[in-house]
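> Just the structure for this:
(one chain, ligands or ions: 2)
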Amino acid sequence: MISPSILSADFACLGEEIRAIDAAGADMIHIDVMDGHFVPNLTFGPPVIEMLRPHTKKPFDVHLMIAPVDPFISAFAKAGADILTVHPEAGPHVHRTLQAIRAAGMRPGVALNPGTPAAIVEPLLDNVDLILVMSVNPGFGGQSFIESQLRKVEQLRHMIDQTGRDIILEIDGGLNTETAPRAIAAGVTAIVAGSAVFKGGPSAYGDNIRALRPSVHV
Ligand code: DX5
Ligand code: ZN
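Ligands and ions are numbered 1, 2, ... in the order given. The predicted structure is shown next:
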């Protein structure tokens with residue numbers, strides 16, 4: 001699956017941008033929520049997501065880079081998030097947070113910063129539908145892929161296979177036509193891409209998304 005990150009879209013016309021990546025073949029829409037505290041950047045929150053919801057039927061893959069998370073879970077559910085992914089460092093009780101996300105009717109995800117080990121996921125495997133490996137330090141689009149994260153992907157692939165559960169393994173940060181095939185070979189099933197999808201404007205989105213898919217490389 002390809003989940004374009006709208007962090008690289010034109011914020012002055014987000015509705016149009018979402019319709020364009022939907023038409024271009026996006027499988028999900030990756031929405032980066034930042035609070036200027038958990039990460040050194042600010043983006044948008046539930047009111048913007050709610051306004052975007054009518055523009056596509058594709059799942060909203062919402063990546064929270066905020067602390068705390070718990071007071072906002074119901075607002076993201078109401079706004080139309082399908083997957084809600086949180087960082088374990090964002091609060092003292094990540095297990096409880098993942099349960100609350102499920103109880104609110106969304107699919108819970110856990111995100112691992114480059115410095116966070118794969119092992120943190122082990123006790124959470126029953127509670128997540130998605131594991132997000134950050135291959136850059138979160139906060140900004142357009143950064144370089146951190147190679148060491150491929151080893152973490154392999155470790156997580158093995159952990160997921162042992163559960164027998166259908167958990168999405170997603171990677172986020174610095175994905176392009178050179179790094180995406182290597183991430184897929186290491187075991188990811190979903191690729192987040194911001195700058196690699198939105199470069200060249202709407203007429204290029206279709207080709208940009210196709211270029212990231214595994215079928216292009218085999
Ligand atoms: C970074 C965000 C990413 C970002 C990826 O904090 O989580 O989703 O938009 O951007 P690229 O693909 O340009 O590295
Ligand atoms: Zn993200």
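> Give me every residue in the chain lying close to ligand 2.
With the criterion set to CB under 5 Å from the ion, the chain comes near ligand 2 through 32, 63, 172. The C-beta positions use only the backbone N, C-alpha and C, and glycine is treated the same way.
> near ligand 1 too, which of those residues?
The subset of the residues of the chain next to ligand 2 within reach of ligand 1, by CB under 6 Å from any ligand atom, is 32, 63, 172.
> Dump the residues you listed into CSV; add secondary structure as well.
Listed next are these as CSV, based on DSSP: H, G, I helix; E, B strand; the rest coil:
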residue, secondary structure
32, strand
63, strand
172, strand
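> possible to save the residues you listed as JSON lines with pLDDT?
Output for those, formatted as JSON lines (pLDDT from 0 to 100):
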{"residue": "32", "pLDDT": "98"}
{"residue": "63", "pLDDT": "99"}
{"residue": "172", "pLDDT": "98"}
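> now residue 44, nearest residue through space, not along the chain?
Excluding the flanking residues, the one nearest residue 44 by CB to CB, 6 or more residues apart in numbering is residue 33, at 6.7 Å.
> Next: residue 213.
For residue 213, ignoring the flanking residues on the chain, the nearest one in space by CB to CB, 6+ apart is residue 2 at 6.6 Å.
> what about residue 82, neighbour count?
17 (other CB atoms under 10 Å).
> same thing with residue 117?
Residues within reach of residue 117, counting by other CB under 10 Å, total 10.
> buried residues in the top helix by length along the chain?
Assignment by DSSP state H gives helix 149-163 as the longest helix of the chain. Within helix 149-163, the residues that count as buried by 16 or more other CB atoms under 10 Å are 149-150, 152-153, 155-157, 159-160.
> which ones are touching the residue in the chain positioned nearest to ligand 1?
Nearest residue of the chain to ligand 1 (CB to the nearest ligand atom) works out as residue 194 at 3.0 Å. If you count contacts by CB atoms under 8 Å, 6 or more residues apart in numbering, residue 194 has them with 4-8, 30, 141-142.
> go with 6 Å
Residues counted as contacts of residue 194 (CB atoms under 6 Å, 6 or more residues apart in numbering) are 5, 7-8, 141.
> Looking at the residues you listed, spot the one nearest ligand 2.
Nearest to ligand 2, judged by CB to the ion, of these is residue 5 at 5.5 Å.
> next one: phi and psi at that closest one?
phi -90, psi 120 (degrees, to the nearest 10).
> for residue 36, same thing?
Dihedral angles for residue 36 - degrees, to the nearest 10 - are phi 70, psi 10.
> any idea how far stretch 63-78 is from the chain center?
15 Å (CA atoms, centre = their mean, to the nearest Å).
> Which residues of this protein lie near ligand 1?
The chain has residues 5, 7-8, 30, 32, 63, 136, 138-139, 141-143, 172-175, 192-196 near ligand 1, with proximity defined as CB under 6 Å from any ligand atom.
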